[in-house]
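Undergrad: Provided below for reference: sequence and predicted model.
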Amino acid sequence: MLNLVIFGPPGCGKGTQSARIANKYGLMHLSSGDLLRNEIEKGSDLGNHVKHYVEKGFLVPDSIILKKVYKNTIRFINSAGIIFDGFPRSLVQAVMLDKFLNKKGLNLNMVIHMLVDRSELFNRLTGRAEDSGRKDDTEQIFRVRMRVYEKQTHCLKEYYSAQNKILQVNGMAPVEEVSAKIANAIDYYREKNEVFSDVI
Ligand code: AMP
């Protein structure tokens, strides 16, 4: 299996890039945000429970998201691989994911860190709000999500750097260019079993 994680600040393009990579390599796209939004839309107990967190831009409790992700990972265990989009989002989640995968005899191959300037993120998100209909695509919630990212998620960079798994990608380039660079890095990894250390 080829198992990837993609993370970055809100609006960095991780959803778009995940879908493109999943399509190119036949991977399962596991988006924790989509899983939660589906539950909210269905009006399930879980959806009603997490609605407040998602709409206000806070992380939902680890126990909830871990359960959801584990269940879906098991569903995909016989696939070509999984791209985890939006998960893990904290150190605890990252450690738990490693433990869970190890128990199943699996591991993460590469962790894609998307780099985008704050001003560009803000422009993208406010632009996206008109099309996405997402309640968390407002200026106020963007600021909350940005703070949450800086405080709880950005530290994943150190965690995965220590495992030599971090691929840093300039996410300011056009979508196709970013996808091509990531694909290049994936192909390189498959050939050499090594992750590019430079920002691409
Ligand atoms: P996303 O679609 O990845 O931007 O996620 C949207 C929202 O879902 C986030 O702002 C959080 O409220 C929630 N969420 C998604 N993934 C996670 C996660 N791994 N841990 C906790 N909350 C999450």
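TA: Done, it's in.
Undergrad: In contact with A183, which residues?
TA: Contacts for A183 (CB atoms under 8 Å, 6 or more residues apart in numbering) come out as 21, 24. For glycine as for every other residue, the C-beta is placed from the backbone atoms N, C-alpha and C.
Undergrad: Now it: which helix or strand?
TA: helix 175-192 (DSSP states H and E).
Undergrad: Just the buried positions in that helix, please.
TA: For helix 175-192, the neighbour count (16 or more other CB atoms under 10 Å) marks 178-179, 181-182, 185-186, 188-189 as buried.
Undergrad: doesn't N38 fall inside a helix?
TA: Yes - under the criterion used here (DSSP: H, G, I helix; E, B strand; the rest coil), N38 sits inside a helix.
Undergrad: if I look at it, how far off is the ligand?
TA: Distance, N38 to the ligand, using CB to the nearest ligand atom, to the nearest Å: 11 Å.
Undergrad: How many residues are close by that residue?
TA: N38 has 13 neighbours, counted by other CB atoms under 10 Å.
Undergrad: residues touching the spatially closest residue to it that is not a sequence neighbour, list them.
TA: With sequence-adjacent residues excluded and distances taken as CB to CB, 6 or more residues apart in numbering, N38 is closest to G47, at 7.7 Å. For G47, the contacting residues are 36, 38-41, by CB under 8 Å, 6+ apart.
Undergrad: Torsion angles phi and psi at the closest residue to D62 other than its chain neighbours?
TA: Spatially, and ignoring its direct neighbours in sequence, D62 is nearest to V92 (5.5 Å; CB to CB, 6+ apart). When quoted as degrees, to the nearest 10, the phi and psi of V92 stand at phi -60, psi -50.
Undergrad: Show me what residue of this structure gets nearest to the ligand.
TA: G33 (2.0 Å; CB to the nearest ligand atom).
Undergrad: On the three-state scheme, that residue is what?
TA: Once three-state DSSP is applied, G33 turns out helix.
Undergrad: Please report how far it lies from V144.
TA: Counting by CB to CB, to the nearest Å, the gap from G33 to V144 is 15 Å.
Undergrad: For the two, indicate the residue with more neighbours.
TA: Comparing G33 with V144 by other CB under 10 Å, the one with more neighbours is G33, at 19 against 15.
Undergrad: The more buried one - nearest residue in space that isn't next to it in sequence?
TA: G33 sits nearest to G86 (CB to CB, 6+ apart), 4.7 Å away.
Undergrad: remind me which residues of the protein are low pLDDT?
TA: Applying pLDDT under 70 to the chain picks out residues 129-130, 132-134, 136.
Undergrad: one more time with 90
TA: By pLDDT under 90, the weakly predicted segments of the chain are 11, 118-142, 196-199.
Undergrad: The ligand contacts on that one?
TA: Contact residues (CB under 6 Å from any ligand atom) of the chain with the ligand: 10, 32-33, 36, 53-54, 57-60, 65, 86-89, 93, 136, 145.
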